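K.L.:
My questions are about this predicted structure, shown below with the sequence.
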Amino acid sequence: IASPSGQEAGLATFLTSRLEAFGFDVHVDAAGNLHAGWGTGDTTVAFVGHMDTAPGTVPRRHDGRTIYGRGAVDAKGPLAAAFTAVSAMPRDAGRRWVVIGAVEEEASSRGARHLLATMPAPDGLVILEPSGWQGITIGYKGSVRVRWTRTQPAAHGAGQEPSAGDRAVGFVRRVQDHAEARGGGPSIFQRVDVRVLRFDAGSDGLEERAVVELGLRIPPGYAAMEVWDTVASLAGEGEVEVLYADEAVRTDRSSPLARAFVQAVRACGGAPRFKLKTGTSDLNHLAPAWGCPALAYGPGDSHLDHTPDEHIDLDEFDLGVRVLEAALSAF
């Protein structure tokens with residue numbers, strides 16, 4: 001079921017029908033997030049995945065034990081694994097498990113922001129993102145997106161005055177030089193990464209205009225406001241605005257939840273390893289605000305996220321389900 005950001009309603013309707021048939025308590029909130037509850041108790045563990053996918057169509061097909069399709073890894077596979085594992089838990093264990101399919105994680109994280117405004121903090125949080133069945137993700141870099149614009153009178157192409165496009169290129173180079181000078185050591189998680197996401201330059205004969213949008217991936221300790229101040233100081237002759245800013249996050253690898261996952265991976269015959277990711281997820285929003293033990297976990301290879309070859313291996317999926325079941329029993 002195609003569900004790019006902003007078009008998750010059809011998938012939510014399908015999941016509501018299927019999950020109610022399996023015995024989940026299901027509702028869809030005002031933002032469009034799907035909530036599937038299981039069991040009762042004073043302790044609540046929330047599993048937050050997302051129903052939306054990156055844009056683009058990857059033809060859905062089975063090839064032996066492999067499923068291809070947009071969202072197979074990011075992040076319908078991990079979401080399905082959580083539904084499967086939670087449904088195996090006893091309802092009378094004194095626990096309340098809630099699996100949430102959030103909306104617009106790939107765009108504005110509107111679903112996660114709605115959860116923060118409407119849902120009390122759980123006792124444990126698992127973000128459903130691919131980590132590989134033996135991986136446990138405890139950190140994501142932050143993300144800042146900025147837009148630089150410059151409009152100036154048109155000039156002859158043979159003249160000496162820099163064009164608006166030239167000035168835009170200069171701005172990009174200054175930000176890249178800043179990121180390189182800041183360093184961060186050998187770990188990519190500690191470095192600032194700069195990527196050009198949009199670049200337009202041209203003239204209508206009277207005015208030249210250039211627009212460039214940059215995405216900066218920032219490590220813990222480099223606050224989004226500090227990034228904004230730095231970028232503004234490098235703007236030169238252009239005007240700059242921040243489109244969005246998400247702080248980096250790193251959670252406690254020794255928390256009871258993390259220990260439960262380490263124990264679960266080992267029990268399933270794996271070698272647990274903690275991961276720090278260069279992207280962002282809803283963990284960036286929810287973990288700092290809720291303050292509960294938190295991590296990200298899910299079967300699948302995150303290197304396939306957003307690619308035309310997106311797929312998940314069903315043996316990997318089954319192992320992910322087994323790890324989730326063991327972790328739920330241990331936490």
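P.N.:
Structure's in. What do you need?

K.L.:
per-residue confidence averaged over the helix or strand hosting F274?
P.N.:
Assigned by DSSP states H and E, F274 belongs to strand 273-277. What strand 273-277 shows for mean pLDDT is 97.

K.L.:
can you check stretch 15-23 too?
P.N.:
Across stretch 15-23, the average pLDDT comes to 97.

K.L.:
What are the buried residues along it?
P.N.:
By 16 or more other Cβ atoms under 10 Å, the buried positions in stretch 15-23 come out as L15, T16, L19. Quick note: C-beta positions are derived from backbone N, CA and C, even for glycine.

K.L.:
now swap in stretch 246-259 and tell me
P.N.:
D246, E247, A248, V249, R250, T251, S255, L257, A258, R259.

K.L.:
How much space separates the first one from G132?
P.N.:
Right, the one you point to is D246. 23 Å (Cβ to Cβ, to the nearest Å).

K.L.:
Over to the last one?
P.N.:
R259 sits at a distance of 19 Å from G132 (criterion: Cβ to Cβ).

K.L.:
Tell me who's in contact with the closest residue to T118 other than its chain neighbours.
P.N.:
Of all residues not flanking T118 in the chain, D29 sits nearest, at 6.7 Å (Cβ to Cβ, 6 or more residues apart in numbering). D29 makes contact with H35, H114, T118 under the criterion Cβ atoms under 8 Å, 6 or more residues apart in numbering.

K.L.:
top of those by neighbour count?
P.N.:
Neighbour counts for those (other Cβ atoms under 10 Å) peak at H35, which has 20 neighbours.

K.L.:
Who are the contact partners of that residue?
P.N.:
If a contact means Cβ under 8 Å, 6+ apart, then H35 has V26, H27, V28, D29, V98, V99, I100 as its contacts.

K.L.:
what does V86 give?
P.N.:
Contacts of V86 were listed using Cβ under 8 Å, 6+ apart, and they are A36, W38, F47, W97, V99, L324, L328.

K.L.:
Sitting in helices, which of the residues you listed do you find?
P.N.:
Counting by DSSP state H, the part of these found in helices is L324, L328.

K.L.:
just the contacts of V86 now: which is nearest G64?
P.N.:
Nearest to G64 out of those is L324 (Cβ to Cβ; 23.6 Å).

K.L.:
these two touch, right, the closest one and S87?
P.N.:
No: using Cβ atoms under 8 Å, L324 is not in contact with S87; the gap is 10.8 Å.

K.L.:
which one of those two has more residues nearby?
P.N.:
Neighbour totals were compared for L324 and S87, and L324 leads with 28 against 17 (other Cβ under 10 Å).

K.L.:
Enumerate every residue touching the closest residue to that one other than its chain neighbours.
P.N.:
Nearest residue to L324 in three dimensions, chain neighbours excluded: A85, at 3.6 Å (Cβ to Cβ, 6+ apart). Contacts for A85 (Cβ under 8 Å, 6+ apart) come out as V321, L324, E325, L328.

K.L.:
what does E104 give?
P.N.:
By Cβ under 8 Å, 6+ apart, the contact list for E104 reads S5, G6, E8, H50, D52, R110, G111.

K.L.:
For V323, see how far away it is.
P.N.:
E104 is 28 Å from V323, by Cβ to Cβ.

K.L.:
Same question for V212.
P.N.:
Noted for V212: a distance of 43 Å to V323, by Cβ to Cβ.

K.L.:
who's more crowded, these two?
P.N.:
It is V323, of V212 and V323, that has more neighbours when counted by other Cβ under 10 Å, with 28 against 24.
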